[in-house]
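> next comes the sequence, and after it the predicted model I'd like to discuss.
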Amino acid sequence: MREKSTTIYLGPQHPGITGNMMVKLQLEGDTIVKAQTHVGYLHRAFEKLIERRNWMQTTTILCRFCVPEPDPPEAAFALAVEQIEGREVPERGKYLRSLVLELARIQSFMLWYAGQTGSAGLYTVGQWSVGDRNYVLDLFEELTGGRIYHMYIWPGGVRRDIPEGFEDKVLRTMDYIEKRLDDYDRMMFDSAIFQKRAQGVGIINKEKALEWGVVGAPLRGCGIAHDVRKDNPYDAYDKLDFQMGIFEGGDVWARALVRRFEFRQSISMVRQIIQNLPSGDYLNKMPNPMKWTIPAGSAYGKVESVRGEFGFYVVSDGSDKPRRVHAKGPAYVHGVSLLEDVLVGQNLADVSFIMNSLGVCPPEIER
Amino acid sequence: METTFIKEELLFRQLETAFENVVLEIARKEAVLVYAPKELVAPILLYAKEKLGYKSFSHLSCVDWIENDEFELVYILWSPETKINLFVKTRIERENPIMENTDTIWRQINTYQREIREMFGVEFPGFIGEKEFILEDWEEIPPMRRDFDTLDYVSETFDERPGREDKQDVRERIANRSGEEIPDFAKKYSRE
Amino acid sequence: MYNDNNAQTIVEYIKNFTRKNSLFMLAYGTGCGAIELPATLTSRYDAERLGVRGAATPRQADLLLITGYLSTKTLKRVIRVYEQMQDPKYVIGFGSCTINGGMYWDSYNTIKMLDKYIPVDVYINGCMPRPESVIAGFKELQRLISEGKADGATKYKENLDWYRENQKKVLKNWPLVEYNW
């Protein structure tokens, strides 16, 4: 019997889609022959709005670029502004930044656990990890005042110092999470369902990865050692001892192994930061924020988020407002053209599985 | 300071000998700027990819310099060997902007070109990509151009809930209502 | 018996009681507030004890959460989703940006007042609302349902022309089928 070709619009309202976007799929049987991504459902015109705000007011917008991990955009923007302005960050500020970035990675890893297993039908891990994620968010709340959006990293340092007794709480939370990691792994990596679903699915080989400019865990999952924290160290990362997780294969399984490895690295890094936290100033204060101008120039600041390199191209014309701010998140690379390419030949049931593994996060694609 | 820029200097020399009509600048550590005319952008990108080890592409951005009547396109490359960011900048005229299609060099550029075509109206002849990327049924001028006034558009298209437009400081009224006292340091930030 | 006033009150009471305790929420994360929903639905806050849980399709859902700003492109889909949902249906507007535009007050692509386009039963303020306030919003909706005051859907049907006019003002190309209920 001849197979009939069908067209399916997956999203924007679909429980498997990671966020608010749409993939138009042409199927033969349940094999995808052509995929077309449609984005733009979350376009808020952030880059236009930033041109209307002064430098200080951008902080409220920056964290909203990417919802699952709001700190990397702040850090990347701060790095770019510091490069243009030549502003030094005090040592303690650097360490606190790294602390927040690593905690942000940890909470994002926990969301990823939920998404990756949930799209394979294993809901238990998601219930656990998202429940445990609240403990990390509690830390954020104590430190910054917000659960999700922190507005903590400013050009020149961080907004405030850590409260009293915070170090102990961080260490206790890390101990708890590390204990729980084994439970997650037993439910996820030891599960035959997950192994069968993940191995050999959504393969990106080395050549394709370079051609498409893949970043982050998908890149390290196909055996290429690239991590912004190692290659162009920012903040306190040149003083921390950590390794990149590099695995061969380029499939969903390899990417999962990378993240599993890096989760543990992040926990160890948080401990190192707490142990080596220097004393001193945490913020190199800017002048009156309402009259704060940045000299003309341009810079590209980049940090490593969970899903990959997060970059900000910032242009200043010497006034109190940014001339142009252009963000490039990992999902911008993974979620539009690359996804169209990777999905061809895969099963319909694996679409959201692959999307989760590539870290497709629509709010940062269209901004 | 000069001694720390050894690898940047090396890249500078290589580009200087390979291309004549370009202006080079070492902006800061691990950042080298190339100002090139628009015909030279594709050759520079190709040269960087094949000879200088710039294996993957990092970013393509567009800046509107409305006072000079120009768009500035910025191609940012990153080399895994030297760890230097290479910024290739070119200016094109703002009226009827056309730029060479470069998505054959790195396929990733496809997405960026789609965005820039939609947000700035820069055309890339010979470029295959869906016309609509982020916006839907957009009838105005491309929205990221600086002469597009978003506030005007908003007041024409959308209705705002009353209560936002007067921009009054209501903190004192709220404080009076609830019997709370505003400390002196907080008062000085009120709008006056 | 059926026309007896008392009997109707009892039927009404039972109807509202059952409706308020099994709110199936459509899994459509329209904006950034959706990130607090996993936290609300999992172990610490556990909204399922209130009878709130996810539903995959609009036809089986009772509750539409607009989790934040709506771009005009999404508004089109949201209206379609809302009209596909079957009675009884309720809408919760989630976050400051649904109330008055919030921090997106000067953005050319997001709507500023959600209740001009679809009827909203409960607003939750905050940017973004914490799980506690989300649960408070659910409780408020349950109170309205049990008092029979959550009548957004009837309002929509009665004033369809007004809503359509507002919708068409923002959405230029309108290929939507006109549903007849």
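Received it, and whenever you're ready, just let me know what you need. Numbers count the residues shown, from 1 in each chain, chains lettered A, B, ... in the order given.
> can I get stretch B:72-89 as PDB, trimmed to CA atoms?
What follows is stretch B:72-89, C-alpha atoms only, in PDB (Å, rounded to 0.1, in the frame of the first residue of the first chain):
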ATOM      1  CA  GLU B  72      25.900  49.200   9.300                       C
ATOM      2  CA  LEU B  73      26.100  45.400   8.900                       C
ATOM      3  CA  VAL B  74      28.300  43.600  11.400                       C
ATOM      4  CA  TYR B  75      29.500  40.100  10.900                       C
ATOM      5  CA  ILE B  76      31.100  38.600  14.000                       C
ATOM      6  CA  LEU B  77      33.300  35.600  13.700                       C
ATOM      7  CA  TRP B  78      35.000  33.600  16.300                       C
ATOM      8  CA  SER B  79      38.100  31.400  15.900                       C
ATOM      9  CA  PRO B  80      38.400  28.300  18.200                       C
ATOM     10  CA  GLU B  81      42.200  28.400  17.700                       C
ATOM     11  CA  THR B  82      43.100  32.000  18.500                       C
ATOM     12  CA  LYS B  83      39.900  32.800  20.500                       C
ATOM     13  CA  ILE B  84      39.700  36.200  18.800                       C
ATOM     14  CA  ASN B  85      36.400  37.800  17.700                       C
ATOM     15  CA  LEU B  86      36.700  39.200  14.300                       C
ATOM     16  CA  PHE B  87      34.200  42.000  13.500                       C
ATOM     17  CA  VAL B  88      33.600  42.700   9.800                       C
ATOM     18  CA  LYS B  89      31.800  45.900   9.500                       C
END
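> quick one: mean pLDDT for it?
Averaged across stretch B:72-89, the pLDDT comes to 86.
> same deal with stretch A:52-69?
The pLDDT scores in stretch A:52-69 average 85.
> over to stretch A:306-317?
pLDDT averaged over stretch A:306-317 gives 88.
> please apply the same query to stretch A:224-240.
The average pLDDT for stretch A:224-240 rounds to 85.
> just stretch C:74-83 next, same as before
On average, the pLDDT along stretch C:74-83 is 86.
> and for stretch B:162-171?
Taken as a whole, stretch B:162-171 carries a mean pLDDT of 67.
> do the same with stretch C:86-99
Mean per-residue pLDDT for stretch C:86-99: 86.
> get me the contact residues on chain C for chain A.
C:26-32, C:34-36, C:38-39, C:42-44, C:54, C:56, C:58, C:69, C:71, C:73-74, C:77, C:81, C:103-104, C:106-110, C:127-128, C:130 (C-beta under 8 Å from any C-beta of the partner chain). Where C-beta positions appear, they are placed from N, C-alpha and C, glycine not excepted.
> my guess is residue A:47 meets residue A:327, correct?
Yes - look at residue A:47 against residue A:327 with C-beta atoms under 8 Å: they come within range, at 7.3 Å.
> the helices in chain C, which residues?
C:5-20, C:36-41, C:72-84, C:96-100, C:131-146, C:152-158, C:160-170 (DSSP state H).
> and residue A:25, that one's in a strand?
Yes - checked against DSSP: H, G, I helix; E, B strand; the rest coil, residue A:25 lies within a strand.
> count the neighbours of it for me.
21 (other C-beta atoms under 10 Å in any protein chain shown).
> do residue C:57 as well
Neighbours of residue C:57 (other C-beta under 10 Å): 16.
> that one: what's it in contact with?
Contact analysis of residue C:57 by C-beta atoms under 8 Å, 6 or more residues apart in numbering or on different chains lists residue C:26.
> equivalent analysis for residue A:163, please.
A:142-143.
> TSV for the helices of chain C, including distance to chain B and mean neighbour count?
Listed next are the helices of chain C as TSV, based on distance: least, C-beta to the nearest C-beta, whole Å; neighbours: other C-beta atoms under 10 Å in any protein chain shown:
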stretch	distance to chain B	mean neighbour count
helix C:5-20	28	12
helix C:36-41	23	22
helix C:72-84	4	20
helix C:96-100	4	23
helix C:131-146	19	18
helix C:152-158	18	16
helix C:160-170	6	14
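> many thanks, we can stop here.
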